[in-house]
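Participant: sequence and predicted model, in that order:
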Amino acid sequence: MPPAYTNKEMMALAAGRLVDNGDILFAGTGLSMLAATVAKRIHAPAATVFFETGGIDPALAELPLAVADPRVMSGSCLNSGLLDAFSLLAHRRLRTISFLGAAQIDAYGNINTTCLGDYHRPRVRFPGSGGACDAMSQAFAVILFMQHDKQRFVEKLDYLTSPGWLSGGDSREKAGFQRGGPRAVVTNLGVMKFDETTRRMYLHQLYPGVSAQEVADNTGFEMDLTRASQAEPPSEAELKALREDVDPQRLILGPAAE
Amino acid sequence: MPPAYTNKEMMALAAGRLVDNGDILFAGTGLSMLAATVAKRIHAPAATVFFETGGIDPALAELPLAVADPRVMSGSCLNSGLLDAFSLLAHRRLRTISFLGAAQIDAYGNINTTCLGDYHRPRVRFPGSGGACDAMSQAFAVILFMQHDKQRFVEKLDYLTSPGWLSGGDSREKAGFQRGGPRAVVTNLGVMKFDETTRRMYLHQLYPGVSAQEVADNTGFEMDLTRASQAEPPSEAELKALREDVDPQRLILGPAAE
Amino acid sequence: MSEGNDPQGKFMSAEEAVRRFVKDGDLVTIGGFTVSRNPMALAREIIRQGRRDLHLAVHSHGQAMDLLVGAGCVRRIEVAYGGTGRFAPTCIRFRRAAQSGELEVEDYSNFQMGLRFLAGALNLPFMPCRSGLESDLLAKWGFSPELRQREGKLARHKAVVTENPFGDTGERVVLLPALTPDVALIHAQYVGDDGTVRIKGLTFLDLEQARAASRVIVSCEEIVPAAYLRQDPDQNSLPHFLIDAVVRAPYGAHPTACHYFYDYDPRHLNMYRREAGEDESFRGYLKRWVFDAPDQESYLAQVGTSDLIRIRANSQAGYAPGLDRR
Amino acid sequence: MSEGNDPQGKFMSAEEAVRRFVKDGDLVTIGGFTVSRNPMALAREIIRQGRRDLHLAVHSHGQAMDLLVGAGCVRRIEVAYGGTGRFAPTCIRFRRAAQSGELEVEDYSNFQMGLRFLAGALNLPFMPCRSGLESDLLAKWGFSPELRQREGKLARHKAVVTENPFGDTGERVVLLPALTPDVALIHAQYVGDDGTVRIKGLTFLDLEQARAASRVIVSCEEIVPAAYLRQDPDQNSLPHFLIDAVVRAPYGAHPTACHYFYDYDPRHLNMYRREAGEDESFRGYLKRWVFDAPDQESYLAQVGTSDLIRIRANSQAGYAPGLDRR
């Protein structure tokens, strides 16, 4: 019988699998921290993780709960500050991959982490850009985390915090961006990617036990479901690394599977 | 009988006397290094010296021969780099006083440290601006060192490296500078200052034994000589500090007085 | 303060530093980042003294910002992020104040805020930036053009899009106005008895914020002889002549972390999240932790020895390994 | 190199580093400042390999710049200052090459060059600046508009004067184009066996230069275990993944100084000033100190033990106290 696992575990591992050995990873808090650290411990030991706060390639002996956690300052290659970190994010030669979460996303991978409702009198206020707009504007590529539901996968964002593929096609390039844009969206249902030409989101992989219809039902815009394959379930080795090594206190993973 | 002294000694001391206790001094090489360190040892112990290289308030146990001399990195308050140093030079609240030398100066205190003759095929090439243009543009005030002769005190500069009072009057302010400009010119004959209204150079002090006519004979433009007073000769204490404490090897002072 | 010399009268209590250097209506910036090195002792003193109409300019800020906003000291904020990681993904009082409209918010990104402080530090009027073209960070202004015209401290525009004049392609670039705060509040590990500041661990934007500000207040864990810090000037962070006030405040960043001294305090931060959730319980929090504790010493007595010991940093790691952070 | 691990093949000889990473015509920048931490071992290797048509972009530069210019490697230079303090108030070969017209010179100030490297490091297209309005630094262009149009590596303008769009006063501001060198040459005290760089003493513009460049070569006094440098990451300067080549070169900055390792060498610098003064004696200098000494080891044998010992840095001061510097 295959091992039981939670949605969060599947998401962290699905995102981690998108990391290549040698990648330079710009990680945020929460799931992105898990994805980066689990990838580094399983298949990408030469990947380097750094944080917008200036912590470059720390030992990460314990899981940081924020990008300013003192755990990103220990055993590092370099302790610096925000401007140094962003100089690496934006470096012409480094292929920095960024992990980000969001409150809303549209069909072209533009995201909202600022508010719902009117900006001047928001119904719900979120934390804001932080480094998200910078990563979406300047990183080599971005991998996004989302809870998959219609309130979050929307036709039109309440606020466009961070530019993805804008209105698709070559609109991002025309707007003045030199590179980057979202590469994948990892949700609790599967992994989406973006068409090479139209830059519109499509379903790339379904997690075991999830149907394409479930994705459609939870997406507030039209999405191409025809290219989907099945994601590998988490392996014993992946789950062991994630649970015993990366987040033994389940600080980010939350409650264990039944 | 008063003590014998050299021109360079008189110049270093005359410039040093212009320093107030508590001043923040941006020092270059050569005489400016002497002026700053001798002032600090005689009447302005709370003056702070820093260098464009990033050496902030070093101990200066030995005289540096260049602003990148390792002697500006020892016992310092802070070792940083050029951008930090220039942020202090340009700081809105700090009243940084800069010492500079030059190859040519005009009646409004604009200076040339770049070349004689045509810029593209110079007759004589000098080192260039270094931080001089930055100090003349942004320091709170500048004190200049010059050898006093007609080739150096000229009607028109071969190259305007660093802006002084430009064409006089309010031309500096109109050009866009927020503050600063040259306060005094210390030469081997005396000390010049700039008229508060016209911003034209005038003779402020003559060294002992120097006549106003001598200044006129060695100046390539009309200079008001009517306001000149006599400078105090170096005191025993000043000479002792300079010779025994600041530059015992006479690295910058050069040959001693007969 | 220590028994060191104090020729310039820089060393003083938090009460005196805030009284002398933080005024109603000031443009204030605070050092640290989310859960690290927030100048909490200074923030609590600002609340005690009832400062009003402050304009905060911060990047990713958490505990100090949320407390000042919650206590009603802040009228306007320029901000990139309000959160404390897992403890409060969005700062609780910040969220409520933004939603109720009592706080005027102007959003930027972290790189943008970093460049704006850098511009202030280098005395440049603006900075170019490649972040945010076509985003609502540029399109939606929290501070209206009219307000910007009226208030001398605000730049005329939130941002301006222009073309790079040095290339052939008409490449579009964002220009951002410099930030020159009236006062910067910084918490550091060490200050020398001449005022020299040494920060350990990440410096975030503290150095740019301090250099951009007209006045700088530094609270610190330890005051040490200047000669000790001058043995290795490479490690120092800010020169003494930029610092207006130094306040000795052990655990002055609590409940946020101070690298090599103490970790963040998960129990306090979780308790804060619960109490900040409702107006009445938040008033109870302020009473207990700010107003009834008139200085840092009485605040620490309120925290108690067992929590202070539990978060004490391990000398090798710089944090508290194995700390229960649930 | 040391016996450390070298998974990415970064550790190599000066010969290999220059052969692989410095090409004819490259835009090259060098770290250090006048008489300190010039990457001399790398500069000598570039001369040995006969690189031509280099375009140097430097701030205040002395020994390495003058040697490269004198040896005929450099066609163009963007520079703020060419001198070595008291030893050569204007660099000797630089002066001759500028006067003869064989070197094309474009002048900036040090703050301007710093901002241009910073722009490159932050991937910004330009930087504003308040230095140089109404000066010939702006008015006189060393590189003509036509040359700038023809050469892809050059910005279209030396500088542009514009207005600050954020104020009401039409305040004038200088814009300066970013510098993004093909290669940066840096000399550091320590490199970890993973490539992490630690510079002691002043960092000048080395960090901005390295981050702005497409490729980075670092020569160093010592290669040490990465774990040693990671014990105090606050003191490190550049991350391993920015570094393309690491060259172990003890006394690699000689005759310039390397803080905590050795002072500048006054005898050598005075001798250089004399020999650089005439073409023939300068050819003799190059023969003896560059071509007849095919690597750093033979160069140091040529310098000799007594000079190396004489300039050795005192551990407390970081330089050689009492050194005869006349």
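Facilitator: That came through, no problem. Numbering: from 1, shown residues only, chains lettered A, B, ... in the order given.
Participant: the stretch 51-200 of chain A: strands as residue ranges?
Facilitator: A:55-56, A:78-79, A:96-101, A:104-105, A:111-112, A:115-116, A:124-125, A:141-146, A:182-187, A:190-194 (DSSP state E, counting those that start in this stretch).
Participant: and the fifth one, what does it pack against?
Facilitator: Packed against strand A:111-112 by the contact rule (3 or more C-beta pairs under 8 Å, 6 or more residues apart in numbering or on different chains; DSSP states H and E) you find strand A:104-105. For every residue, glycine as well, the C-beta is placed using N, CA and C.
Participant: residues making contact with the strand it packs on?
Facilitator: Contact with strand A:104-105 is made by A:111-112, A:116, A:144, A:146, A:151-154, A:157-158, A:164, A:185, A:201, as judged by C-beta atoms under 8 Å, 6 or more residues apart in numbering or on different chains.
Participant: could you verify my assumption that A:Val72 touches A:Pro64?
Facilitator: Yes: using C-beta atoms under 8 Å, A:Val72 is in contact with A:Pro64, at 5.0 Å.
Participant: quickly list what's touching both of the two.
Facilitator: The contact sets of A:Val72 and A:Pro64 overlap at A:Phe51 (C-beta under 8 Å, 6+ apart).
Participant: for stretch C:92-105, buried residues please.
Facilitator: For stretch C:92-105, the neighbour count (16 or more other C-beta atoms under 10 Å in any protein chain shown) marks C:Ile92, C:Arg93, C:Phe94, C:Arg95, C:Arg96, C:Ala97, C:Ala98, C:Gln99, C:Leu103, C:Glu104, C:Val105 as buried.
Participant: chain A: helices as residue ranges?
Facilitator: Assigned by DSSP state H, the helices in chain A fall at A:7-16, A:31-42, A:82-89, A:132-138, A:171-175, A:212-217, A:236-240.
Participant: chain C too?
Facilitator: Counting by DSSP H, the helices of chain C are C:14-21, C:40-48, C:63-70, C:92-100, C:110-121, C:136-139, C:145-150, C:206-212, C:226-229, C:266-276, C:279-286, C:296-303, C:305-310.
Participant: so which of the ones you listed comes closest to C:Pro250?
Facilitator: Comparison of the helices of chain C against C:Pro250 by C-beta to C-beta identifies helix C:296-303 as nearest, at 7.1 Å.
Participant: which residues touch the closest one?
Facilitator: Counting by C-beta under 8 Å, 6+ apart, C:14, C:41, C:44, C:249-252, C:254, C:265, C:268, C:288-289, C:292-293, C:308 sit against helix C:296-303.
Participant: residues near the one residue in the stretch 151-300 of chain C that gets nearest to chain B, how many?
Facilitator: Proximity of the stretch 151-300 of chain C to chain B (C-beta to the nearest C-beta) peaks at C:Pro233, 3.9 Å away. Other residues near C:Pro233 number 27, with proximity taken as other C-beta atoms under 10 Å in any protein chain shown.
Participant: that one reaches B:Pro70, doesn't it?
Facilitator: No: assessed by C-beta under 8 Å, C:Pro233 is found out of contact with B:Pro70, at 12.0 Å.
Participant: anything in contact with each of those two?
Facilitator: Between them, C:Pro233 and B:Pro70 share no contacting residue, judged by C-beta under 8 Å, 6+ apart.
Participant: confidence score at the closest residue to chain A within chain C?
Facilitator: Using C-beta to the nearest C-beta, the closest approach of chain C to chain A is made by C:Gly85 at 2.7 Å. Residue-level confidence at C:Gly85 comes out at 85, pLDDT.
Participant: cheers, nothing more for now.
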